[in-house]
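J.: Output the structure for:
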Amino acid sequence: DQALQEADRCVSCGICVATCPAHMGIPAYIEAIRNDDLNQGMRILYETNPFPEVCGRVCTHKCETVCSISHRGDPVSIRWLKRYIADQIPEHEYAAILDSPQEETGKKVAIIGAGPAGLSAAYYLRLQGHTVVIFEAQPEAGGMMRYGIPEYRLPYDQLDKDIKYIKHLGVKIRTETRVGRDISLESLHKDFDIIYAATGLHEGRSTRAKGSDHPKVYQAVNLLRDFTKGLEIPYEAPVVVIGGGNVAMDIARTLARLHMQKMGRVDITLTCLETEDIMPADREEIVEAREEGIQIIPGYGPLEVVSNGDTLKGLKTVRCVSVFDENGRFNPKFDHSDTQFLPASIIVEAIGQGMDLSYIPESIKKEMKTDARGRIQVDAYYQTSLPWFFAGGDIIEGPDVIHAIANGHTAAKRIDHILRGEQ
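T.: Reported below is the predicted structural model:
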């Protein structure tokens, strides 16, 4: 049995636990596999992470980078072992294996956003007996797990398996309900004891290169969201994708599949500021993108979107000699004697995402502590300067599923203390 052989390689040193943002009990669930007690393995997973199917597939698995046995070979396949446990246990057995909610407390929590942070907080708060209602703008729950990660990486049925169990506990999710449009933050404050905002990063960021306001320049997050919803997205060749992270890889590989389906060939070039050794995308994503026929040109930045009226011609790029300054701040430097022209019918920008906090009225924003850039300030438990308002997930930590899940759990513990009067 492959899983047993892999589990036997673990020496239970525990270094991985400290590196995991959720501090999952990795040696303990691997030990459960060794003991052929997958039910116990499942209980250990859910102590810190209610998304074993998701994280078994798309977690950044930083735990594996510090695995002590990697000094003499490959690290233990920690992420795969997590997935193995979740895949072996059918959905209908979860309720018998995992904890049930405690007695109802009569306390109510509103969560804005049904992404990994919001759903994680909802799970742990519901277990404590609190009433939890999530308000979600999109037609389905999942946040960026559904609308930002393509199905070939995270099958929707596996995502739904994790979400269904959270709903089974009694968490209510009101989809297609945008706070600030369909319901006001003030009315939530009136009706609920605590609000936890976990609205994610759904706004694409522009390169602001000359000509980047051309109608044939698109945002990766918008295209991925539309594709998930079954809408037609532009794919005309050649395509240039700007960005070196996983979102750039996701849109490039999604478009590559469309190219093969519609044209029988792939005509996509991906370019980014970073040299390949420091590209933020997972190594396997880069390797698989190349295998799918995507050309990757690292170390170049966008200089100008070249067009003739409505017709896009391509992207002029310039070599990037350094991305960060001596203080580690993002401050790219370029060699303008080294430029390239990449022909393109469409260009997709995937250089990061921003947040939309327009649902917070000015009257409440004024009372809330923010930093110099206007970002919400929170303490170690994701509580803002307003005692009834918590904020977490990508809007605080940046885009990473496992960090968002950990945020939600941490916030839930603090919210539970407050609701019980245990300051």
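
J.: So what touches stretch 23-40?
T.: 3-4, 7-8, 10, 12-14, 16-17, 20, 41, 44-45, 47-49, 63, 76, 78, 81-82, 84-85, 88-89, 97, 406 (Cβ atoms under 8 Å, 6 or more residues apart in numbering). Bear in mind the C-beta positions are built from the backbone N, C-alpha and C, glycine included.

J.: and stretch 224-232, C-alpha only, in PDB?
T.: In PDB, the C-alpha atoms belonging to stretch 224-232 read as follows (Å, rounded to 0.1, in the frame of the first residue of the first chain):
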ATOM      1  CA  LEU A 224     -11.100  32.700 -14.100                       C
ATOM      2  CA  ARG A 225     -14.300  33.700 -12.400                       C
ATOM      3  CA  ASP A 226     -16.200  33.900 -15.700                       C
ATOM      4  CA  PHE A 227     -14.800  30.600 -16.800                       C
ATOM      5  CA  THR A 228     -16.000  28.900 -13.600                       C
ATOM      6  CA  LYS A 229     -19.500  30.400 -14.100                       C
ATOM      7  CA  GLY A 230     -19.600  28.800 -17.600                       C
ATOM      8  CA  LEU A 231     -19.300  32.100 -19.500                       C
ATOM      9  CA  GLU A 232     -17.400  32.500 -22.700                       C
END
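
J.: residues contacting Glu304?
T.: Per Cβ under 8 Å, 6+ apart, neighbours of Glu304: 209-211, 315-316.

J.: do you know how far it is from Ile347?
T.: 11 Å (Cβ to Cβ, to the nearest Å).

J.: Overlap of the contact sets of these two?
T.: With Cβ under 8 Å, 6+ apart as the test, Glu304 and Ile347 both reach Leu315.

J.: I figured Asn246 hits Arg283, correct?
T.: No - the criterion here is Cβ atoms under 8 Å, and Asn246 misses it with Arg283 at 11.0 Å.

J.: Please identify which of these two sits among more neighbours.
T.: Neighbour count, other Cβ atoms under 10 Å: between Asn246 and Arg283, Asn246 has more, with 22 against 9.

J.: And the helices in the stretch 201-350 of the chain?
T.: 220-228, 246-263, 283-291 (DSSP state H, counting those that start in this stretch).

J.: Nearest approach to Tyr152 belongs to which of those helices?
T.: Tyr152 lies closest to helix 246-263 among the helices of the stretch 201-350 of the chain, at 7.4 Å (Cβ to Cβ).

J.: Just the buried positions in that closest one, please.
T.: 246-256, 258-259 (16 or more other Cβ atoms under 10 Å).

J.: which one among the residues you listed gets closest to Ile376?
T.: For these, the nearest to Ile376 is Val247 (22.8 Å; Cβ to Cβ).

J.: For the closest one, list the residues it contacts.
T.: 148, 220-221, 224, 350, 353, 399.

J.: Which of the residues you listed sits closest to Arg178?
T.: Val221 (16.8 Å).

J.: coming back round to it: among the contacts of Val247, find me the one that's closest to His168.
T.: His168 lies nearest to Gly148 out of the contacts of Val247, by Cβ to Cβ, at 24.9 Å.

J.: Nearest spatial neighbour of that closest one, chain-adjacent residues omitted?
T.: The shortest distance from Gly148 to any non-neighbouring residue, by Cβ to Cβ, 6 or more residues apart in numbering, is to Leu224 (5.5 Å).

J.: Could you find the closest non-adjacent residue to Ile296?
T.: Ile296 sits nearest to Leu270 (Cβ to Cβ, 6+ apart), 5.0 Å away.

J.: and the one you found, what pLDDT?
T.: At Leu270, the model reports a pLDDT of 99.

J.: How many residues are close by it?
T.: Neighbour number of Leu270 under other Cβ under 10 Å is 28.

J.: before we move on, back to that, mind putting the helices of the stretch 201-350 of the chain in CSV, mean pLDDT included?
T.: Below are those laid out as CSV (pLDDT from 0 to 100):
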stretch, mean pLDDT
helix 220-228, 97
helix 246-263, 97
helix 283-291, 96
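
J.: Distance-wise, check Ile183 relative to Thr177.
T.: 6 Å.

J.: And for Val247?
T.: In this view, Val247 and Thr177 are 26 Å apart by Cβ to Cβ.

J.: ok, now Ala372?
T.: Distance, Ala372 to Thr177, using Cβ to Cβ: 33 Å.

J.: In terms of neighbours, single out the busier of those two.
T.: Comparing Ala372 with Thr177 by other Cβ under 10 Å, the one with more neighbours is Thr177, at 16 against 5.

J.: With adjacent residues omitted, what lies nearest to that one?
T.: Phe135 (4.8 Å).

J.: need the contact list for Ile294.
T.: Taking Cβ under 8 Å, 6+ apart, one finds 252-253, 256, 266, 268-270 in contact with Ile294.

J.: run the last query once more with 7 Å
T.: Applying Cβ atoms under 7 Å, 6 or more residues apart in numbering to Ile294 gives the contacts 252, 256, 266, 268, 270.

J.: For His71, grab the count of nearby residues.
T.: Other residues close to His71 by other Cβ under 10 Å number 7.

J.: Confirm it sits in a strand?
T.: No - counting by DSSP: H, G, I helix; E, B strand; the rest coil, His71 is not found in a strand; it is helix.

J.: Which pLDDT value goes with His71?
T.: 88.

J.: related to what we said a few turns ago, need the contacts of Ile294 in a markdown table with distance to Tyr359, can you?
T.: Converted to a markdown table, the contacts of Ile294 look like this (distance: Cβ to Cβ, whole Å):
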| residue | distance to Tyr359 |
| --- | --- |
| Ala252 | 32 |
| Ala256 | 36 |
| Val266 | 40 |
| Ile268 | 36 |
| Leu270 | 34 |
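
J.: nearest to Glu104, of the residues you listed?
T.: Looking across the contacts of Ile294 and measuring by Cβ to Cβ, the closest to Glu104 is Ala252, at 48.3 Å.

J.: Is it correct that the closest one is in contact with Val241?
T.: Yes - with contact defined as Cβ atoms under 7 Å, Ala252 reaches Val241; the gap is 4.6 Å.

J.: Spit out the residues that contact these two alike.
T.: By Cβ under 7 Å, 6+ apart, Ala252 and Val241 have these common neighbours: 268, 270.

J.: how about the strands in the stretch 251-400 of the chain?
T.: In order along the chain, the stretch 251-400 of the chain carries the following strands (DSSP state E, counting those that start in this stretch): 268-272, 295-298, 300-308, 311-324, 330-343, 346-349, 353-354, 389-391.

J.: whoops, the stretch 101-250 of the chain was the one
T.: Secondary structure of the stretch 101-250 of the chain (DSSP E, counting those that start in this stretch): strands at 108-112, 131-135, 172-174, 194-197, 203-204, 217-219, 239-242.

J.: Since that was my last question, I'll sign off now.
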